[in-house]
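Participant: Got a sequence here, can you model it:
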Amino acid sequence: MSNLKIRAYSLQNQVLLELPLVEQRLERRDGAGGDWMVLTSEGFVAITDDVTPIPVMGNFLDKDVFNGISQYRARLFSDDDSKWGYTVWLKVGTTMPIGYSFGNYRAPEGSWGEILTPADLNLTYLWGVDFRASNGASYSDAQIKFFIDEALERTERLLNITIKKQRRVTDPDSRGLKKGEDYDVEEAYYIFKRENIQRNGFIKTKTRPVISLSRLDLLSRSNTITSLLRHSILDKTKGVIRFTSFLPKLNDTQRAVASVISPHGPDFVNRTFNYAIDYVAGYETSDDVPADLRGVIGKMAAVELMNNIGRGLMAGFSSSSLSMDGVSESFSSTQCATSAFYGADIKAYEENIKDYLHEMKIKFSKMQMTAL
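Facilitator: Coordinates of the predicted model:
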């Protein structure tokens, strides 16, 4: 059974939950290191053998909230084996900013998490920058998150790595898999070379790091000849699959080989055999991302934000003056018509980003290799 869908809204001193119209068990935890508590007739209490939960359904208003961040989860009340549905962290009450740079954020259970929070950008990477334009308009958290997500994907592309967890599979359509439910990214088959099939070799996945490997099949067209999963080990950091035993000889699979190369001859094997690989790439949660990688993403997002915020505060110019009845006033800035209002800060961040990408590209994007 799929997870229950829960929507949650923070009303500052209360939390409104929209739950499915089915009786379910509701639990809450307060703070990044808090334990789960269950809803009873006396409110949310610690889970013990003596506690009697009460079922809820539909809308639920939690009035007795924690001053900080809270997360909720729910499952079918009458089925202890049903899957939990989770909310993200909700900021409730009056509290300090939440984020990695404040030491009070971690990925919520059931979710990958956020590489950075809007408060990280607003109060750390852009500390002292006014987020309100000259006309009074202000940037929302949703807009800031958009730039964070954009910087995350750009960093993945520039370093040829996967940061946010992805399920990558081969030939999902023929297997009846649905994107978004069963997998995230479709990959092509990996190349097979007949001349080296009897030697120990390795396969380098198309991205890295790799969390887990669930399928490693040697295929004849679309038919599985043999599964090599039990005869392989995975280097998660480098994204390399190494074989721990000799691969099958051609005469071990004579019938399967003959069915695909006849009447074309043995030279046709290389164009007929492939590896099908399913794996999970990226970091398990946002908590596992290295601090320096998180930092460069924050700086990328900050550069884009400063470009937009600077334009909203003041159009590019170098100086202006006003004179009236013998009284004059002039103003000069370090910018010009083609430079941003926060030009010096943008330049400093861009140079830092460039240096980091140059140094880390060798580490993350080594020479591409295929299966031997």
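Participant: Now do the contacts for Arg25.
Facilitator: By CB atoms under 8 Å, 6 or more residues apart in numbering, Arg25 lies in contact with 38-39, 53, 55, 74-77. (Glycine included, C-beta is placed from N, CA and C.)
Participant: With neighbour count, pLDDT and secondary structure added, can I get the residues you listed in JSON lines?
Facilitator: Compiled in JSON lines, those are given as follows (neighbours: other CB atoms under 10 Å; pLDDT from 0 to 100; DSSP: H, G, I helix; E, B strand; the rest coil):
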{"residue": "Val38", "neighbour count": "18", "pLDDT": "97", "secondary structure": "strand"}
{"residue": "Leu39", "neighbour count": "22", "pLDDT": "96", "secondary structure": "strand"}
{"residue": "Pro53", "neighbour count": "16", "pLDDT": "96", "secondary structure": "coil"}
{"residue": "Pro55", "neighbour count": "13", "pLDDT": "96", "secondary structure": "coil"}
{"residue": "Ala74", "neighbour count": "27", "pLDDT": "96", "secondary structure": "strand"}
{"residue": "Arg75", "neighbour count": "19", "pLDDT": "95", "secondary structure": "strand"}
{"residue": "Leu76", "neighbour count": "19", "pLDDT": "94", "secondary structure": "strand"}
{"residue": "Phe77", "neighbour count": "17", "pLDDT": "95", "secondary structure": "coil"}
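Participant: Burial check on the closest residue to Val185 other than its chain neighbours, number of neighbours?
Facilitator: Closest residue to Val185 apart from its sequence neighbours, by CB to CB, 6 or more residues apart in numbering: Arg168 at 4.6 Å. By other CB atoms under 10 Å, 21 other residues sit near Arg168.
Participant: Next, Arg168: secondary structure please.
Facilitator: For Arg168, the assignment made with DSSP: H, G, I helix; E, B strand; the rest coil gives strand.
Participant: ok, it touching Gly282?
Facilitator: No. With contact defined as CB atoms under 8 Å, Arg168 does not count as touching Gly282 (9.4 Å).
Participant: picking that back up, pick the one among the contacts of Arg25 closest to Ala301.
Facilitator: The shortest approach to Ala301 among the contacts of Arg25 belongs to Ala74, at 33.0 Å (CB to CB).
Participant: what separates that closest one from Arg106, distance-wise?
Facilitator: 21 Å (CB to CB, to the nearest Å).
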